[in-house]
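>>> Below: sequence and its predicted model.
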Amino acid sequence: METTTSLSPDKLKYSKWKQVDMKISKEIVNHLRKDMNFNKITKVQRETIPLFAKNKDVCVKACTGSGKTLAYLVSALQIILNSEYNSENRPKKYELLTLILVPARELAKQVGIVLDQLLTKFEWLKGYCCIGGNKISEDIDSFQEKGANILIGTVGRIWDFIDRGVIKLKTVKVLVIDEADLFFQQGNQIKLNQIMDKIPRERRTGLFSATMSDAVQGLARIGMRNPYYIEIFSYKEKTLRNNCEPFAIESLREEYARTEDFEERSLRMKIEETKNEIVKNVNEIPSTLKNYFLVVGNQDEKLKNLLEFIKQKEEKQKYMIFFATCASVEYYSYILYHLFKKFSIPGRKILKLHRKIKQTQRSKVYQTFLKMDNGILLTTDVSARGLDIPDIDWIIQFDPPQDTDQYIHRIGRTARAGKEGESLILLQTHEQAYVQFLKSRKVDISEIKLETEFDNKSITELCKGLMKKDKDLIDKSRNGFVSFFRYYKEHELKFIMDFKQLDIAAVANAFSLLRMPRIKEILGKKTKKFVNEKIDIDSIPYLNKNKKMQKEKMKEVLDEKKEKKREEKLKRKEIAEKQREEKNKVTRAEKKRRRKELEVQDWDDLQREDRIYKKYKKGRITKEEYEQMLLDD
Ligand SMILES: Nc1ncnc2c1ncn2[C@@H]1O[C@H](COP(=O)(O)OP(=O)(O)OP(=O)(O)O)[C@@H](O)[C@H]1O
């Protein structure tokens, strides 16, 4: 077992670069301190860099916002500086030395920005960020123009580059997988394995995340060589872990680190698990983050509580609000804008970000929100991981995420780098067990109560009024409703997010539906509390003419697709019919052949019996012999 070297206690979580032997060059330290303004070093950097930069594989688990990005970028840079390359002996333009895989485009860009800053002092090295969302041909042209020694990217686009022969991974010395567990949730492990297979085995590998699933630990076993497991946790968690002694827990005043051999750790975990001593997953949440929940009744009670909550806060606050689906973000961003206006809640600028927004627009929104002092970003889990947006005051979870890991990543967008932050999750009454579930994962969470002066009637009136003027909003509300059902039905925590307990009428009212759509999920279920509006929806216009054209075009395309599918189905049916007929023909011919064969065989048997009988008649064989020969036959 290897433990960390001791470090004198410090009032801050950070210690100074010079206080410890980080095994990194002065050039890097000076650049970090003087140009990038990072005077101190965070605990995760303190633990990771000396090992990773000194050619050890690492599996690093540290809470959100703890500075993992710089930990792996500095290590990767130091490994390059330790190699044969320098400003005189530069690597070739396309010679890839480091590959950094991240699960989302915005995160790739963000890491790219930090890397660019880091490389301003090392201009002989080139960084490049390749992500999907734009034309692959453009990306390839740009890559070929710029070249890269350190490449950051999402798995899909990196794979495209490999597949088209744009990049070769034979020269890669360092592989970093950031937010490692998400690759497994996204089902990207096959591509990930294929990419890893193309990188020489002598590489160094670093896995980083705030949450580490068993799958990641499996990857550590097959994709790494004698890795170290580095874990950072806070003082409070140390107290919870007292049972885990005696392990080398090196203490600063507020944060603790444990570094140990990966296999030894696995063994220890097994022993502790059987002894029931283990305190799982306690080190993922920053200690500066306060978490709250609010129980609201049914789904249709959430919007008015959200309005009240925001209204009671100061104007200058920055929020991220997480929804279950892209369609919910589309609907509520539109509605909230009008509700703020109607109820005079000024100064809250609303932005939206989700997977279905085009990449160029996504980048713009992200950049705008980064710079805003206050405002609200409505988003989905596309923004849950890794995004480093400064000074978010509140994370609000309008819909609970699929699992606690995602909860932890969502709330981790606030309280970053030692700052304070708060989070709120809205729960329906039947979902209250979610709180116990969070507590079992050692999430410190308390209840808040809220009296609201907003009422559903006036909210619904406003929403329906808007819908009656613009069919686009009707589409948004319908899509929001349908996708919410699918989200709920497929929720991983079925014992808490119980579909049977979901009040369908309340969900319909939450989206101010004009008519209940006929979807198979709700056929035969009670929706008495919901009343369909007597209105001819087709007579409502699209305010945005482009939208109208888009919808018509989309309908045309869909109709065409349907027709094509119908024709293909008919064709398939015809072919199948023909094949059946052919098969029947074959079977008939076969039957005939078999019959003939049998007839021939019967004839042979008869002839043989006749011959034996004649022998018996002529007295050449006895009666017993005759009967025996017939039996043998
Ligand atoms: N040594 C340092 N001194 C001061 N601030 C730092 C230092 N290192 C990193 N930071 C800042 O801390 C913030 C969080 O860093 P980073 O994004 O790397 O966190 P993370 O651990 O990767 O979080 P997540 O798990 O959410 O991805 C960033 O704003 C970064 O600039």
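Happy to help now that I have it.

>>> Quick one: residues contacting whichever residue of the stretch 101-250 of the chain sits closest to the ligand.
With C-beta to the nearest ligand atom as the measure, residue 210 is the residue of the stretch 101-250 of the chain nearest to the ligand, at 4.3 Å. C-beta here means a position set from N, CA and C on the backbone, and glycine is covered the same way. By C-beta atoms under 8 Å, 6 or more residues apart in numbering, the contact set of residue 210 is 61-64, 66, 284, 408-409, 412.

>>> for residue 510, same thing?
Residues near residue 510 by C-beta under 8 Å, 6+ apart: 298-300, 302-303, 481, 484.

>>> In helices only, show me those residues.
302-303, 481, 484 (DSSP state H).

>>> Nearest to residue 141, out of the residues you listed: which one, please.
Relative to residue 141, the closest of the ones in helices among the contacts of residue 510 is residue 484; by C-beta to C-beta it sits at 41.4 Å.

>>> any idea which helix or strand of the protein has the worst average confidence?
Scoring the helices and strands of the chain by mean pLDDT, DSSP states H and E places strand 250-251 at the bottom, with a mean of 36.

>>> could you say which helix or strand contains the nearest residue to residue 515 once chain neighbours are set aside?
Leaving aside its sequence neighbours, residue 515 sits nearest to residue 532 (C-beta to C-beta, 6 or more residues apart in numbering; 4.9 Å). Counting by DSSP states H and E, no helix or strand carries residue 532.

>>> Settle this for me: residue 532 is touching residue 514, isn't it.
Yes - under the criterion of C-beta atoms under 8 Å, residue 532 is in contact with residue 514, at a separation of 7.4 Å.

>>> ok, back up a step: contacting the ligand as well, which ones from the contacts of residue 210?
The residues of those that also fall near the ligand, by C-beta under 6 Å from any ligand atom, are 62, 64, 66, 412.

>>> Would you check that the third one makes contact with residue 43?
Yes - counting by C-beta under 8 Å, residue 43 is a contact partner of residue 66 at 7.0 Å.

>>> Residues that sit against both of those two, list them.
By C-beta under 8 Å, 6+ apart, the residues touching both residue 66 and residue 43 are residue 232.

>>> Just list what the helix ranked longest in the chain packs against, helices and strands only.
Longest helix in the chain by number of residues (criterion: DSSP H): helix 545-617. If you count contacts as 3 or more C-beta pairs under 8 Å, 6 or more residues apart in numbering; DSSP states H and E, helix 545-617 packs onto helix 623-632.

>>> wait, what's in contact with residue 144?
By C-beta under 8 Å, 6+ apart, the contact list for residue 144 reads residue 166.

>>> got it, and the one 4 residues further on?
For residue 148, the set of contacting residues under the criterion of C-beta under 8 Å, 6+ apart consists of 94, 96, 126-128, 167.

>>> With residue 501 instead?
Here residue 501 is in contact with residue 430 (criterion: C-beta under 8 Å, 6+ apart).

>>> Next one, pLDDT for it please.
Residue 501 carries a pLDDT value of 91.

>>> cool, the one 5 residues further on as well?
Residue 506 carries a pLDDT value of 94.

>>> I'd like to know how many residues surround it.
Residues near residue 506, counting by other C-beta atoms under 10 Å, number 19.

>>> so what pLDDT did whichever residue of the stretch 351-500 of the chain sits closest to the ligand get?
Of all residues in the stretch 351-500 of the chain, residue 417 sits closest to the ligand, at 3.2 Å by C-beta to the nearest ligand atom. Here the pLDDT value assigned to residue 417 is 82.

>>> Near it, how many other residues are there?
For residue 417, using other C-beta under 10 Å, the count is 14.

>>> count of residues packed around residue 521?
Using other C-beta under 10 Å, residue 521 is surrounded by 13 other residues.

>>> whoops, I mixed them up, residue 339
21.

>>> Next, the contact list for it, please.
303, 307, 345, 459, 462.

>>> The third one and residue 311 touch, don't they?
Yep, that's residue 345 we're talking about. Yes - using C-beta under 8 Å, residue 345 makes contact with residue 311 at a distance of 5.1 Å.

>>> Could you check which of residue 532 and residue 514 is surrounded by more residues?
Set side by side, residue 532 and residue 514 show more neighbours around residue 514, with 20 against 11, by other C-beta under 10 Å.

>>> Please name the nearest non-neighbouring residue to the more buried one.
Among residues not flanking residue 514 along the chain, residue 533 sits closest, at 4.4 Å (C-beta to C-beta, 6+ apart).

>>> for the one you found, what are its contacts?
By C-beta under 8 Å, 6+ apart, residue 533 lies in contact with 464, 514-515.

>>> of all the residues in the stretch 201-350 of the chain, which ones are close to the ligand?
Residues of the stretch 201-350 of the chain lying near the ligand by C-beta under 6 Å from any ligand atom: residue 210.

>>> Please, where are all the strands along the stretch 201-350 of the chain?
Listed in chain order, the strands of the stretch 201-350 of the chain (DSSP state E, counting those that start in this stretch) span 204-209, 228-234, 250-251, 255-261, 289-295, 318-322, 350-353.

>>> Quick check: which of those strands is buried the most?
Comparing the strands of the stretch 201-350 of the chain by mean neighbour count (mean count of other C-beta atoms under 10 Å), strand 204-209 comes out on top with a mean of 26.

>>> and that one with strand 228-234, angle?
Strand 204-209 and strand 228-234 meet at an angle of 30 degrees, taking axes from the mean of the first three to the mean of the last three C-alpha atoms, to 10 degrees as the criterion.

>>> can you start the count at 293 instead of 1 from here on
Sounds good: first residue 293 from here, last item strand 496-501.

>>> Please name the strands paired to strand 496-501 in the sheet, noting orientation.
In the sheet, strand 496-501 lines up against strand 350-353 (parallel), strand 466-470 (parallel) (DSSP bridges).

>>> what's the average pLDDT for the helix or strand just after the last one?
Along the chain past strand 466-470, the next helix or strand (assigned with DSSP H and E) turns out to be helix 472-477. pLDDT averaged over helix 472-477 equals 76, rounded to a whole number.

>>> how much distance is there from helix 472-477 to the middle of the chain?
Put simply, helix 472-477 sits 7 Å off its chain's centre (C-alpha atoms, centre = their mean, to the nearest Å).
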